[in-house]
Structures are given as structure tokens and as C-alpha cells.
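Sequence and predicted model, in that order:
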Amino acid sequence: MRLALNTDQANSAAPGLGSSRLAGLPGLCCQAAGGERDRADNLTLAWLLYYSAAQLLDSVQDNDEPEAWWVGQGASVALSAFSGLYFSASQALNAISQDQRTQALGAEIAEDFFRTFLVMGSGQHADLTRASLTLEQYWQQAETKSGVFFSLACRTGARLATNRAENIREYAQYGRHLGLLIQITDDLEDVFPPQGAVTNGQRSQFARSLPVVYALDVFPPHLAERLRLCLQAAPHDVEAAQEAVSLVDQSNAATYVMIEIERYKEEAMKALERANPQPPAGDALAKIIQEI
């Protein structure tokens with residue numbers, strides 16, 4: 001597994017876990033904090049499997065467009081795969097307690113994982129039960145669904161190498177800001193059409209993306225109401241989808257999003273500098289932020 005994660009995928013354009021550097025995040029943080037990277041193998045496997053399980057469950061709960069492998073068989077097949085991923089991840093997490101190098105930390109790390117999942121579950125529940133989002137609620141949700149999960153990867157990776165609370169805290173902050181950056185960039189993909197789509201904004205997720213939430217937050221009531229009407233029609237009305245994108249552009253959402261991206265990049269780099277990471281892992285962690 002470690003050899004696969006070390007494969008150079010620097011040309012990958014997407015900032016998600018398709019990048020080998022992001023997939024190996026726990027190991028990089030362990031190495032940067034002074035440990036051996038392979039000490040985090042079981043941790044990395046557990047984190048990746050839980051990530052895949054969470055993404056699949058989230059897709060079903062949000063009624064997203066199915067992926068090709070389960071589109072013909074329905075959500076029940078996707079949920080069956082989710083179960084396999086979740087229990088495989090739990091087995092990998094348990095393996096931390098079986099490895100002589102990490103067994104003393106197994107219970108502590110497992111507790112951290114499950115407490116984090118409770119926070120993420122609350123974020124998902126809030127997302128499912130809210131008809132719409134304010135800007136403040138958007139950031140709260142991004143924190144509980146993405147920020148805390150990447151923070152978990154970084155702080156537990158560092159914990160395998162050190163017990164210095166201040167260092168672990170900085171790796172946690174680095175991961176938190178990285179997770180928020182990934183959430184923002186994922187949202188930006190919803191503003192643009194998938195290959196072959198007729199127009200922007202046809203994804204249902206577009207209505208809950210950061211640019212749209214920002215526009216609704218800053219618009220006067222009449223423009224906010226017009227945007228809501230366009231969003232309701234956008235999935236099946238090309239002209240409504242085009243008008244929705246045009247309205248979002250009028251709100252200067254692009255400027256706001258770019259400012260937030262730069263702010264979280266700066267905060268991530270500051271946290272990393274305070275952690276005083278060892279090279280080459282520290283350089284790799286900095287590069288992840290720089291390339292988003």
C-alpha cells in the first residue's frame with residue numbers, strides 16, 4: 001500500500017484524494033513530526049477506507065447522481081459497499097493496536113476517530129435537515145464535514161511520532177485548514193458543468209455551493225428570491241441555469257471565494273511553520289497547500 005501511495009501523481013489536476021500526496025497525509029505528518037512514515041500504514045489505510053465509506057454514504061443520502069458501478073442496481077448496492085468499506089476501515093483501525101510499534105496508542109487513536117465521526121455525523125444531519133444555508137451555517141458545515149476529518153488525519157499521524165501537545169495541535173490546525181480548502185475547491189467544481197453537460201449549474205449540489213450561498217447572503221431580497229427561483233428550475237431548465245450562474249457572478253462571489261482560499265492557505269502554512277516539520281515530509285506538506 002505504501003508503495004502505491006508514494007507513486008508520483010503530481011500531474012493530477014484534482015485536489016481530492018486522487019492525489020498520492022493527499023492519500024498519504026497521515027504518513028507524511030508522522031514523518032514530518034519525527035517518526036518513520038511506514039509507522040502510519042494502518043492509520044492511513046483506515047483513514048482512506050473511512051473516507052471512501054463516508055463519500056459513498058453522503059452520495060446516497062444527498063441523492064447525488066450515482067456512479068457508473070451502481071447506477072443500474074440502485075442505492076442498496078451502494079449501501080452494501082459502504083458496509084464493506086466501513087468494517088474494513090474498522091479492521092485497519094484495530095490493527096494499530098496489534099502493531100508493536102503503535103499498540104500503545106491504538107485505543108487513543110480509535111477514540112479520536114470515533115469522536116470525530118460523531119461530529120461529522122452531526123454535520124451531515126444538519127445538512128440533510130436544512131432546506132437552505134446561511135453563510136455562517138455553510139462554514140460550520142464545512143468545518144464539521146471536511147475540516148475535522150483532515151484534521152484527524154494530520155493530528156493522529158503526528159501523534160504516532162510525538163506526544164508534544166503543541167506540535168500535535170499545529171498539525172491538527174494544518175489539516176483543518178487543508179480540509180476547508182478542499183471543501184471550497186470541491187464546491188467550485190459544482191459551478192462548472194461536467195464534460196458533455198449543456199450548461200453550468202445543472203448539478204443539484206450547485207445550489208449549496210459556497211458561491212451560491214455567498215450570493216444569497218449578500219443579495220438584496222428581490223435578487224435573492226430571483227436566484228432561488230432560478231436554482232429550483234436549473235436542473236431541468238437551461239435558461240434558468242444560465243441565469244443562476246449570471247446572478248452569482250453579479251454578487252462578486254468569485255472575489256470572495258479567492259480571498260477565502262488565500263486566507264486558508266496562509267493559515268495552513270502558518271500552522272505548518274509553527275510545527276517545525278522535518279524535511280522532506282514538511283516540504284511535501286507545504287507543497288500540498290501551494291498547489292491547491
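Received it, and whenever you're ready, just let me know what you need. These numbers were taken from a predicted model, which means no experiment stands behind them.

now for the longest helix seen in the chain, which elements pack on it?
Counting residues, the longest helix found in the chain (DSSP state H) is helix 165-191. Counting contacts by 3 or more Cβ pairs under 8 Å, 6 or more residues apart in numbering; DSSP states H and E, helix 165-191 packs against helix 25-32, helix 135-142, helix 148-159, helix 210-218, helix 253-275, helix 281-290. (Glycine included, C-beta is placed from N, CA and C.)

winner for burial among those helices?
Of all the helices and strands packed on helix 165-191, helix 25-32 carries the top mean neighbour count, a mean of 30, counting by mean count of other Cβ atoms under 10 Å.

ok now it, how far from the chain's centre?
18 Å (Cα atoms, centre = their mean, to the nearest Å).

what's it in contact with?
The contact list for helix 25-32, computed with Cβ atoms under 8 Å, 6 or more residues apart in numbering, reads 2, 5, 21, 36-41, 43-44, 47, 150, 153-158, 160-161, 171, 174-175, 275, 277-278, 281-282, 284-285, 288.

try 6 Å this time
37, 39-40, 43-44, 47, 153-154, 157-158, 160-161, 171, 277-278, 281-282, 284-285 (Cβ atoms under 6 Å, 6 or more residues apart in numbering).

I'd like the average pLDDT over it.
On average, the pLDDT along helix 25-32 is 97.

Report all helices and strands that the helix or strand just after it contacts.
Sequence-wise, the next helix or strand downstream of helix 25-32 (DSSP states H and E) is helix 41-61. On a contact count with 3 or more Cβ pairs under 6 Å, 6 or more residues apart in numbering; DSSP states H and E, helix 41-61 meets helix 25-32, helix 75-98.

winner for burial among those helices?
helix 25-32 (a mean of 30).

Can you check what angle separates that one from helix 281-290?
Calculated by axes from the mean of the first three to the mean of the last three Cα atoms, to 10 degrees, helix 25-32 forms an angle of 140 degrees with helix 281-290.

mind putting the helices and strands packed on helix 41-61 in JSON lines, distance to residue 137 included?
Below are those laid out as JSON lines (distance: least, Cβ to Cβ, whole Å):
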{"stretch": "helix 25-32", "distance to residue 137": "27"}
{"stretch": "helix 75-98", "distance to residue 137": "26"}
